[in-house]
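Trainee: sequence first, predicted model second:
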Amino acid sequence: MDRLSALPDGLLHAVMSFLPARQMAQTCVLSKRWVHLWRSVPSLNLDIREFRNLSKEEDDDDDETWGKMKDFIANLLMFHHAPTLDTFTVCTGAVVQAAVGNRSRRNHRRNDVDYPAVADNRSRDVGRWIRGGIKYCPRVLDVAVAPSGSGCRPPPDLGSGSCFRRLERLRLSCFALDSGFARQVRDSCPVLRCLELHRCHIEFSHIESSTLNKLVIEGCIGCSLSLAISAPRLASLCLDLSYGAYKNGVSLNTISLVEASVTLNVFQISPEGEAMLLCGLFNVTNLELEAIHAKVNLP
């Protein structure tokens with residue numbers, strides 16, 4: 001331990017960045033050298049699994065687990081003072097799903113639970129945590145939550161451009177994303193290179209970025225009949241529309257695309273929509289297709 005403690009702060013911070021946030025904070029008990037070191041680690045990984053009581057049944061400890069996580073994050077964000085963050089990650093999926101998504105299985109024991117209120121309270125908690133992380137101007141923001149009782153959660157507020165001037169990767173799961181989100185991606189993320197949307201409810205019909213290099217839209221549901229993607233530097237595209245979205249297809253305005261993976265729902269996408277999407281892949285050198293029925297002669 002003495003040899004490890006003798007390492008410079010920067011190297012110890014790099015090592016501690018691989019730890020979940022709770023374990024990272026617990027290093028303060030190792031010695032005087034470590035008391036305040038965790039406060040300036042440039043990475044925060046908040047994971048609900050760190051707070052679970054494994055000796056209890058999975059669906060009996062959710063309220064206790066959520067309370068522990070909530071108290072810990074409140075103190076963490078209060079005392080953490082890194083000027084910026086390389087990575088800010090929030091994962092709350094398992095317990096939210098147990099509390100809200102499996103209500104029918106538990107009603108026989110907890111008929112007094114107000115599930116909509118639980119979902120609303122936890123949505124507000126998650127929103128506060130995201131805002132608390134955004135103030136550190138992270139390079140990577142990764143937020144994975146289970147759907148609320150009424151479906152996908154409202155989108156996180158990306159704030160002003162100054163908060164996201166360093167954001168290079170944004171990954172969101174189970175959020176409802178409207179046109180305001182698309183505008184923030186375009187206007188408030190000047191160096192965004194990777195955007196990943198998983199199991200989201202997409203309400204915008206156009207996504208635009210002059211810096212985006214990789215785009216993943218997986219398991220999402222779209223409200224619009226079509227989607228336009230304008231990203232001249234886009235090199236990698238993954239579209240999994242197997243849940244049904246964009247009946248009239250996806251148009252691509254990009255000249256740099258070299259690899260693409262496309263999965264469609266043949267019962268939702270029209271042949272014309274398939275053809276429009278495929279015609280936008282003319283520069284691709286590595287292409288994977290699944291559930292495609294349209295016949296198109298690519299140049």
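Mentor: Cool, the structure landed.
Trainee: show me the contact partners of stretch 30-38.
Mentor: 1, 5, 9, 12-13, 16, 24-25, 27-28, 80 (Cβ atoms under 8 Å, 6 or more residues apart in numbering). Using the backbone N, CA and C atoms, a C-beta is placed for each residue, glycine as well.
Trainee: next step: those restricted to helices.
Mentor: Judged by DSSP state H, helices contain the following of the contacts of stretch 30-38: 5, 9, 12-13, 16, 24-25.
Trainee: which residues of the stretch 101-250 of the chain fall in strands?
Mentor: 140-144, 169-173, 176-177, 194-198, 201-202, 206-208, 214-218, 221-222, 227-230, 236-241, 250-253 (DSSP state E, counting those that start in this stretch).
Trainee: mean pLDDT lowest where, among those?
Mentor: Among these, strand 221-222 has the lowest mean pLDDT, at a mean of 80.
Trainee: neighbouring contacts of it?
Mentor: So strand 221-222 is contacted by 200-203, 241, 243-246 (Cβ under 8 Å, 6+ apart).
Trainee: same question, stretch 4-17
Mentor: Contacts of stretch 4-17 (Cβ under 8 Å, 6+ apart): 24, 27, 30-31, 33-34, 37-38, 40-43, 86-87.
Trainee: filter those residues down to the ones in helices?
Mentor: Met24.
Trainee: which PyMOL command selects the buried ones in the contacts of stretch 4-17?
Mentor: Buried members of the contacts of stretch 4-17, defined by 16 or more other Cβ atoms under 10 Å, are picked up in PyMOL with:
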select buried, resi 24+27+33+34+37+38+41+42+43+86+87
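Trainee: name the nearest residue to Arg52, sequence neighbours excluded.
Mentor: Thr65 (5.1 Å; Cβ to Cβ, 6 or more residues apart in numbering).
Trainee: from Thr211, how far off is the spatially closest residue to Pro190 that is not a sequence neighbour?
Mentor: Leaving out its chain neighbours, the residue that sits closest to Pro190 by Cβ to Cβ, 6+ apart is Arg165, at 6.2 Å. Per Cβ to Cβ, to the nearest Å, Arg165 is found 12 Å from Thr211.
Trainee: just among the contacts of strand 221-222, which is most surrounded?
Mentor: Neighbour tally across the contacts of strand 221-222 (other Cβ atoms under 10 Å): the maximum, 29 neighbours, falls on Tyr246.
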